[in-house]
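> starting from these lines, generate the structure:
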Amino acid sequence: TNEFTSQLVAFSGVEQQIKTNKHLESLLEMNKGGNLDNAVGYIGASVDATGDSGYLQNNQANFAYSLDRAASEVTVSILDEAGRVVYTGSGTKFSGKNYVTWDGTNSFTSGKANDGIYHVKVVAKDINGKAVTATTHTTGSVIGAELDSEGKVVLNVSNVKVPIAEITSVRQPTTQVASN
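Numbers count the residues shown, from 1 in each chain. Next comes the predicted model:
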């Protein structure tokens, strides 16, 4: 009977562990939904995120980069999904955040690029020709939120998928007040 009692106690412990695991799974599922509920608050906001992507649509794609100090020369290159440079031009030289709006014109063929995802690359130098650190950002308006296959929240930033953990700044869109 001692052996039977020991087995009964062990079985009871296993049964309790199974119930605990089911409760934890239930809590995790509820947490995923709560995270998505919180992400809905980003919809309509302008954000910057870690990354280098922008979506060209209606002849406009937006990108951002930060310089660790002012530069005397900044070259902005935009690359297609295959990594081919489709645009090269000068960028703003200010320390801090700088924004680029590209109209989709290929600077080599003068033709218009197809809508889709593009990437920005920035090379900056100071007056002595030394490199200035440039960090690129994905930027745009949040138009949606979803859970990825792992249950993590992903924001749709102007048609670029961005994990919510990579958002670095949030701005509410400015509204224009009509005047009489």
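
> pull the helix or strand with minimum mean pLDDT from the chain.
helix 2-39 (a mean of 65; mean pLDDT, DSSP states H and E).

> who are the contact partners of the closest residue to Val86 other than its chain neighbours?
Excluding its sequence neighbours, the residue lying closest to Val86 (CB to CB, 6 or more residues apart in numbering) is Asn106, at 4.8 Å. In this view, the C-beta of every residue, glycine as well, is placed from N, C-alpha and C. Counting by CB atoms under 8 Å, 6 or more residues apart in numbering, Asn106 touches 86-87, 112-113.

> right, and the pair among those residues with maximum separation?
Tyr87 and Lys112 (11.2 Å; CB to CB).

> the more surrounded of the two?
Taking other CB atoms under 10 Å, Tyr87 and Lys112 do not tie; Tyr87 has more neighbours (21 against 12).

> and for the residue nearest the centre of the chain, nearest residue in space, chain neighbours not counted?
Geometric centre of the chain, nearest residue: Val162, 3.1 Å, by CA atoms, centre = their mean. Nearest residue to Val162, sequence neighbours excluded (CB to CB, 6+ apart): Ala49, at 4.6 Å.
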